[in-house]
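Engineer: would you be able to build a 3D model of this:
(2 chains)
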Amino acid sequence: MRTDMVLLILGMGAVTYATRFTCLFLVGRYALPPLVTRALAYIPIGILTAFVVPALFFSAPGDGAGGTSEMLWGGLASAAVAARWGHVLGAMLAGMAVVVLLRWSF
Amino acid sequence: MDRSTWWQGVKSMVPLAVSIAGCGVAWGTLARQGGMTLPEIFLMSSVVFAGASQFVAVGMLGAGAGMGEIILTTLILNLRHLLMGAALAPYFRRLAPWRTALLAHGLVDETFALAAERFRTTGGDAAFFLGTGTLAFVSWNAATLLGAFVGSGTLNPRDYALDFAFLGAFTGLLVPQIRSRSTLLAFLAAAATALGGRFVASERTVVLLSAVAAAVAGVWGERHAN
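Structural biologist: Below is the predicted model of the structure:
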């Protein structure tokens, strides 16, 4: 292995691990104001939404006539399954099926 | 350490492991084409263990970027872990420090999403989180090596909607969490921020902004519930 590559990897690993460990370790060990604790409860919704919503609307255009809307339809299918049955694998597969069908039919 | 809870974590991770593996094969191929050797690929996947950062690093290496630039970019890309860690930390407060140190390496977008959903009802179990992290780690490393060995040129992930797998699973985790006025407000605020923010900030900065927007809107919604 090249020395500079190993150093790069160790540097990337160190900063990444620091972001993972710092809050996970420190926040739980000190009593936080109740307002902060309640606010933290909404962080998961915020992060998941930030990944999902823009990607459904603005994914790279497909090469078929379905264009970007195939992702949106897939997302709606996943959301419907999740809302009805609350099943993650089911939601994922339903959305994938819709996306595949849209891609194959255009 | 409860083995059956650990195993539940592994099983919950399976759908997302599929999407991680698809991504891993793609990265392994790219890294190999970019001139990284197999040991280097394995070292990066196991030590850094962060998909987005690894894609960006390979791209930056190809563009001739320096070590400092790449490490700084990695740090910025991963700042979202701070918020994820803060959200999960209350559940792990009674854990021995070395256990938290081990769990920390398994904190990725996918394991965070699963843990956040499950801990709402179980009150947090480290064994479950370790299970999700274990499968995430194994699938990412196995897939990047597979990509480096055989390449993904023969298989187009788009044909099987593997590029949608991550989105579908995350949608499945998100929707059941929207169950009250305040969670709906948090979702709407995050969605508006994410959609608007992408025109002014990078994708990963938008994640941080959306998380903050959700927190503010959620707390505001609780206060004005009636």
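Engineer: CA only for contacts and neighbour counts going forward, please
Structural biologist: OK.
Engineer: what about chain A, any weak spots by pLDDT?
Structural biologist: A:60-68, A:106 (pLDDT under 70).
Engineer: ranges for the helices of it?
Structural biologist: Counting by DSSP state H, the segments of chain A that form helices are A:3-29, A:34-40, A:43-58, A:69-85, A:88-105.
Engineer: with chain B instead?
Structural biologist: B:3-33, B:38-47, B:51-62, B:67-77, B:80-88, B:97-105, B:109-122, B:126-150, B:162-174, B:181-197, B:203-223.
Engineer: thought B:Ala136 was touching B:Ile20?
Structural biologist: Yes. Applying CA atoms under 8 Å, one finds B:Ala136 in contact with B:Ile20, separated by 7.2 Å.
Engineer: which phi and psi does A:Ala31 have?
Structural biologist: When read as degrees, to the nearest 10, the backbone of A:Ala31 gives phi -70, psi 130.
Engineer: mind checking how far it is from A:Thr22?
Structural biologist: According to CA to CA, to the nearest Å, A:Ala31 stands 16 Å off from A:Thr22.
Engineer: and for B:Thr121?
Structural biologist: Taking CA to CA, one finds B:Thr121 at 25 Å from A:Thr22.
Engineer: kindly report the same for A:Arg29.
Structural biologist: Plainly put, A:Arg29 is 11 Å away from A:Thr22 if you go by CA to CA.
Engineer: equivalent analysis for B:Val58, please.
Structural biologist: Distance from B:Val58 to A:Thr22, by CA to CA: 26 Å.
Engineer: ok, those two, which is more surrounded?
Structural biologist: B:Val58 (21 against 17; other CA atoms under 10 Å in any protein chain shown).
Engineer: residue 41: how many residues sit nearby?
Structural biologist: Defaulting to chain A. When neighbours are defined as other CA under 10 Å, A:Ala41 has 20 of them.
Engineer: let me rephrase: I mean chain B.
Structural biologist: Counted with other CA under 10 Å, residues neighbouring B:Ile41 total 22.
Engineer: try the one 5 residues further on
Structural biologist: For B:Ser46, the tally of surrounding residues (other CA under 10 Å) stands at 17.
Engineer: can you name the residues that contact the residue nearest the centre of chain A?
Structural biologist: Relative to the mean C-alpha position of chain A, the nearest C-alpha, by CA atoms, centre = their mean, is the one of A:Phe51, at 4.4 Å. Contact partners of A:Phe51, counting by CA atoms under 8 Å, 6 or more residues apart in numbering or on different chains, are B:Leu167, B:Phe170, B:Val207.
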